[in-house]
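*Asks:* Dropping a prediction and its sequence here:
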Amino acid sequence: MLHRLKLSIKRILGQRIIGRIIGQIRGKKDLLELNFEDQKLINSIRKNKLTYLTIRKLVNLAKSCHLIEEKGLPGVFLEAGCALGGSSILIASLKAKERPLFVYDVFGMIPPPTKEDTKEVHERYRTIAEGKSQGLDGDKYYGYEENLYEVVQSNLKEFGVSCEEQNVLLVQGLVGLVGLVGRSRYRGEKAGLVAE
Ligand SMILES: C[S@@+](CC[C@H](N)C(=O)[O-])C[C@H]1O[C@@H](n2cnc3c(N)ncnc32)[C@H](O)[C@@H]1O
């Protein structure tokens with residue numbers, strides 16, 4: 001019985017490691033689809049441990065930003081949850097500077113999960129709430145930073161993003177889905193999020 005349990009654990013761990021390696025190889029290949037500047041930016045964001053997103057997700061995000069700007073689509077960017085600001089840096093750097101980017105976050109401890117969330121999410125939250133979570137590559141977990149708002153501001157600045165000049169707005173508060181609300185002062189925008 002114990003032997004079988006050990007084998008299952010080994011198999012799951014093995015699959016996870018293999019999955020991670022395959023993900024990294026795929027990510028590197030995806031990265032080559034971007035121009036050199038974007039590759040450099042993504043590599044630097046990751047090297048500075050500012051994002052939890054995989055390379056593949058970052059590449060998709062970069063491609064979406066370019067597509068939106070190339071097609072001249074109307075609207076704003078709205079990010080729900082930035083942690084240390086890695087994905088915000090990417091969006092802010094690739095979007096047209098006139099187009100606003102709203103970054104919503106509590107800028108503190110991640111809010112507790114709801115009953116709709118999975119058992120794993122609840123377990124993960126327990127670890128975080130008990131102060132036992134670690135950040136990326138053994139860094140301090142971002143949720144334990146006392147001044148996360150300032151940390152994110154400074155991360156953006158380090159990457160040459162000026163919030164004023166590039167229309168980036170950090171909105172602190174607990175975000176809830178409210179369905180579509182009325183048009184805001186940004187023409188054409190319809191927001192589905194509110195921060196309390
Ligand atoms: C997975 S992290 C975001 C990762 C980030 N985009 C990156 O590049 O690494 C999720 C973030 O959303 C925030 N968050 C989760 N639920 C929230 C809510 N209801 N209101 C505000 N912020 C929330 C968390 O505190 C955390 O900073």
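*Replies:* Looks like it arrived, so ask away.

*Asks:* contacts, neighbours, all on C-alpha from now
*Replies:* Will do.

*Asks:* Contact residues of this structure facing the ligand?
*Replies:* 51-53, 81-83, 85-87, 105-106, 108-111, 173-176 (Cα under 6 Å from any ligand atom).

*Asks:* Filter these down to the ones in helices?
*Replies:* 86-87 (DSSP state H).

*Asks:* which of the residues of the chain next to the ligand count as buried?
*Replies:* 51-52, 81-83, 85-87, 105-106, 108-110, 174-175 (16 or more other Cα atoms under 10 Å).

*Asks:* Filter the residues of the chain next to the ligand down to just the ones in strands.
*Replies:* 105, 175-176 (DSSP state E).

*Asks:* Could you single out the nearest of those to Ala62?
*Replies:* Taking Cα to Cα as the measure, Ala62 lies nearest Asp105 of these, at 21.0 Å.

*Asks:* what's the spacing between the residue lying closest to that closest one once chain neighbours are set aside and Gly143?
*Replies:* Distance criterion Cα to Cα, 6 or more residues apart in numbering; nearest residue to Asp105, sequence neighbours excluded, is Gly81 at 4.9 Å. According to Cα to Cα, to the nearest Å, Gly81 stands 12 Å off from Gly143.

*Asks:* Show the model's pLDDT score for the residue nearest to Asp105.
*Replies:* On pLDDT, Gly81 comes in at 94.

*Asks:* cool, Met109 as well?
*Replies:* The model's pLDDT for Met109 equals 92.

*Asks:* go on, Gly188?
*Replies:* For Gly188, the pLDDT comes out at 34.

*Asks:* where does the chain have low pLDDT?
*Replies:* Low-confidence segments of the chain (pLDDT under 70): 177-196.
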